[in-house]
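**Student:** Structural data only, the sequence is not supplied:
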């Protein structure tokens, strides 16, 4: 397979990955893929009232698309957990 095809496949794969958990990076703390920025930092910023823009300015390696995807994933997790909890406690 030509090198440029492998590079394109790699770029697509990297774009799809949002979270990296690797014991060699920050001791296994979930980080934004391709960075050493913990996912928790995003929620810390939002919790204190800071904007996504402020977060992105302070952590230049993180892409807006990654932040949006993390928030979408969190929303989906909360929604699915709520459905499960409602079924068990209804």
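**Tutor:** Received, thanks. No experiment lies behind these values; they were computed from the predicted model shown.
**Student:** now the strands for the protein?
**Tutor:** Here the chain has its strands, by DSSP state E, at 19-20, 31-32.
**Student:** any idea how far the last one is from the chain center?
**Tutor:** Centroid displacement of strand 31-32 relative to its chain, using CA atoms, centre = their mean, to the nearest Å, is 6 Å.
**Student:** Show me what it is packed up against.
**Tutor:** The contact analysis (3 or more CB pairs under 8 Å, 6 or more residues apart in numbering; DSSP states H and E) places strand 31-32 against strand 19-20. Quick note: C-beta positions are derived from backbone N, CA and C, even for glycine.
**Student:** let's go with 7 Å and repeat that
**Tutor:** Helices and strands touching strand 31-32, by 3 or more CB pairs under 7 Å, 6 or more residues apart in numbering; DSSP states H and E: there are none.
**Student:** what ranges of the protein fall below the confidence cut-off?
**Tutor:** Scanning the chain for pLDDT under 70 picks out 1-16, 83-85, 87-90.
**Student:** Let me see the ranges of the helices in it.
**Tutor:** For the chain, the helices defined by DSSP state H occupy 3-16, 39-47, 52-58, 64-89.
**Student:** picking that back up, would you turn the strands of the chain into CSV with distance to residue 54?
**Tutor:** What follows is those, written out as CSV (distance: least, CB to CB, whole Å):
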stretch, distance to residue 54
strand 19-20, 21
strand 31-32, 16
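**Student:** What separation do you get for residue 50 and residue 17?
**Tutor:** Applying CB to CB, to the nearest Å, the value for residue 50 to residue 17 is 25 Å.
**Student:** okay, the strands of the chain, which one's buried deepest?
**Tutor:** The highest average neighbour count among these, using mean count of other CB atoms under 10 Å, belongs to strand 31-32 at a mean of 22.
**Student:** Check what contacts that strand and list those residues.
**Tutor:** Residues outside strand 31-32 that contact it (CB atoms under 7 Å, 6 or more residues apart in numbering): 18, 20, 25, 37-39, 62, 66.
**Student:** Return the member of these nearest to residue 81.
**Tutor:** Nearest to residue 81 out of those is residue 39 (CB to CB; 17.3 Å).
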